[in-house]
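Participant: quick check, what structure comes out for this input:
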Amino acid sequence: MKLLCVSDQIDPFVYSTSVKERYGDVDAVFCAGDLPMDYVDFIVTALNKPTFFIFGNHDLKDFHLYKKSVRVAQPSSFTAMDSMNNSHGGDYVSNRVLRCKHLSFTDSHGKTTPLLIAGVSGSLRYNNGLDQYSEREMFFQLLALVPGLLWNRLRYGRWCDIFLTHASPRHIHDREDQCHKGFECFNWFIRKFHPALLIHGHIHLYDLQDCRVTMSHSTMVVNAYSRITIDMEPEFPAAKGESLGFTLSVHTNE
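Facilitator: Here you go, the predicted model:
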């Protein structure tokens, strides 16, 4: 399974008339926040592949369409049809656990298992803007995912395959200013639920030689700034009772 991951800036190699020639072979797209929804719409339309997205701490014009607790003033002419027209073709992952049967793996015995995805939006609070959270608030968002993750464990033998976030885990790819510090609770999530892959954005890479891939326990943490592709191949258990694993390969120059 080949994944295209994007975040934080409109990449000219993706936002291009030749995007299908470059990335038409991907199986899914993951958008890790701070991207205009028009850009996400373009990716959905141009590639026609399953696309999963969250919001960051910028480009929040459409955030209220997905976060019920956010209220914004609408023009007096605003109607339900306008709301439908502002919806998007990708799957919003934040505060959800998805079991993607259309992105499944089949072993040599014909048994299929879906790709398991979870996600959360936003960054650490730094100026009380939208989609910013304290460490405690984000931890409680993660706790709300636990029932769905527990069902995954009981049904499929694993908690989560891909965890999509905007901010990074604390001390992995993050910065020391308040805006760009990562969440310590993401490290807790890695230790407890063992996602094969954590995809994040938020941390801009002004030198593309900077570190953007780090192993933490059994999880590969990848900074999706601009664009990056990942090959994710299943390793089916050799014996009954063993958990499905994955071999991950990251490509930064495709």
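
Participant: all helices of this protein, in order?
Facilitator: Secondary structure of the chain (DSSP state H): helices located at 19-23, 37-47, 80-85, 135-156, 184-193.

Participant: mean pLDDT lowest where, among those?
Facilitator: Of all the helices of the chain, mean pLDDT reaches its minimum on helix 80-85 (a mean of 40).

Participant: pLDDT score assigned to S76?
Facilitator: At S76, pLDDT is 43.

Participant: quick one, strands of this protein?
Facilitator: 2-7, 28-31, 51-53, 91-92, 96-106, 112-119, 123-124, 132-133, 162-164, 197-200, 213-216, 219-223, 226-235, 245-251 (DSSP state E).

Participant: redo the helices of the chain as TSV? Include distance to F53 and mean neighbour count.
Facilitator: All C-beta spots, glycine's among them, are computed from the backbone N, C-alpha and C. Conversion of the helices of the chain to TSV gives the following (distance: least, Cβ to Cβ, whole Å; neighbours: other Cβ atoms under 10 Å):
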stretch	distance to F53	mean neighbour count
helix 19-23	16	15
helix 37-47	5	18
helix 80-85	18	9
helix 135-156	17	15
helix 184-193	18	18
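
Participant: now for those helices, which one comes closest to G129?
Facilitator: Between G129 and the helices of the chain, the shortest gap by Cβ to Cβ is with helix 135-156, which sits at 13.7 Å.

Participant: what sits against the residue nearest to I117 when sequence neighbours are not counted?
Facilitator: Nearest residue to I117, sequence neighbours excluded (Cβ to Cβ, 6 or more residues apart in numbering): L98, at 4.4 Å. L98 makes contacts with 52, 91, 116-118, as judged by Cβ atoms under 8 Å, 6 or more residues apart in numbering.

Participant: quick check: L98 vs L145, distance?
Facilitator: L98 is 11 Å from L145, where distance means Cβ to Cβ, to the nearest Å.
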